[in-house]
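>>> Structure here, sequence nowhere to be found:
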């Protein structure tokens, strides 16, 4: 019993710390991919972030059960998916010039953000979360995951377009940029309070979708 409790606690800790670490690494990776001079560092940060995400999937699936059969079943589902993704990535990467690699990686990172958004929406639609509002930690994790994912998705798309020369490389000009960003942050703080403190499903869904829109704008 004590071993199971320790395993569960370890799984919960990993499920929170590793995704957060991956998120931070991806954000710094995206920043590094904004220019060719820092693109190599950005690529490596992205690799480490992706590896951390893979470890999260494996660890949080296996540790709570601590069973070889669970591990084998999980790997049977995970490995074909991962292998397919790797083959697609290798195939696409082999078809582009070296100087186009940073924008390619930035484009791939947009899928990371999109995946985070979809995972957050999936967690939100889970009846155990929406029926009773869910635990505060789980609600906050879902909300932050969607927020960071939306910002990562839009930021990655913009970075890829800049590196490819589709849009100007200089910062995009926007009148009242500071006040607009401040309003978005204030909106996110309010939406976080609403999402984590209200149990009405349609209100929480609206708050989550508004959060996704504001975060994508900030990204």
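All right, it came through fine. Everything numeric in this text was worked out from a predicted model, so none of it was measured.

>>> contacting residues for the nearest residue to residue 204 once chain neighbours are set aside?
Using CB to CB, 6 or more residues apart in numbering and skipping the chain neighbours, the partner closest in space to residue 204 is residue 195 (5.4 Å). All C-beta atoms are positioned from the backbone trio N, CA, C, and that covers glycine. For residue 195, the contact set (CB atoms under 8 Å, 6 or more residues apart in numbering) comprises 139, 143, 204, 207-208, 211.

>>> filter those to the buried ones?
139, 143, 204, 207-208, 211 (16 or more other CB atoms under 10 Å).

>>> Using pLDDT, spot the least trustworthy of those residues.
Lowest pLDDT among these: residue 139, with 81.

>>> can you give me phi and psi for that residue?
phi -60, psi -40 (degrees, to the nearest 10).

>>> one step back: show me the contacts of residue 195 that map onto strands.
Using DSSP state E, no member of these falls in strands.

>>> Show me the two of those residues that sit farthest apart.
139 and 211 (11.8 Å; CB to CB).

>>> quick revisit: let's have the contacts of residue 195 in CSV, adding distance to residue 77.
Shown next, in CSV, are these (distance: CB to CB, whole Å):
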residue, distance to residue 77
139, 27
143, 27
204, 30
207, 32
208, 27
211, 30
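
>>> And the helix or strand hosting residue 122, what does it pack against?
Assigning secondary structure by DSSP states H and E places residue 122 in helix 101-125. Counting contacts by 3 or more CB pairs under 8 Å, 6 or more residues apart in numbering; DSSP states H and E, helix 101-125 packs against helix 2-32, helix 39-62, helix 68-93, helix 136-164, helix 201-218.

>>> What are the structural domain limits within this protein?
Following automatic domain parsing, the chain resolves into domains at 1-95, 100-219.

>>> so which of those domains is the most packed in?
domain 100-219 (a mean of 17; mean count of other CB atoms under 10 Å).

>>> pLDDT-wise, which helix or strand of this structure ranks last?
helix 127-130 (a mean of 51; mean pLDDT, DSSP states H and E).

>>> one step back: residue 36: which of the contacts of residue 195 is nearest?
Using CB to CB, residue 211 comes nearest to residue 36 of the contacts of residue 195, at 33.3 Å.

>>> what's that closest one in contact with, if anything?
Applying CB under 8 Å, 6+ apart to residue 211 gives the contacts 143, 146-147, 150, 188, 191-192, 195.

>>> try 10 Å this time
120, 142-144, 146-147, 150, 187-188, 190-192, 194-195 (CB atoms under 10 Å, 6 or more residues apart in numbering).

>>> With distance to residue 51 added, can I get the residues you listed in CSV?
Shown next, in CSV, are the contacts of residue 211 (distance: CB to CB, whole Å):
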residue, distance to residue 51
120, 21
142, 24
143, 26
144, 21
146, 23
147, 23
150, 23
187, 34
188, 29
190, 36
191, 32
192, 29
194, 35
195, 30
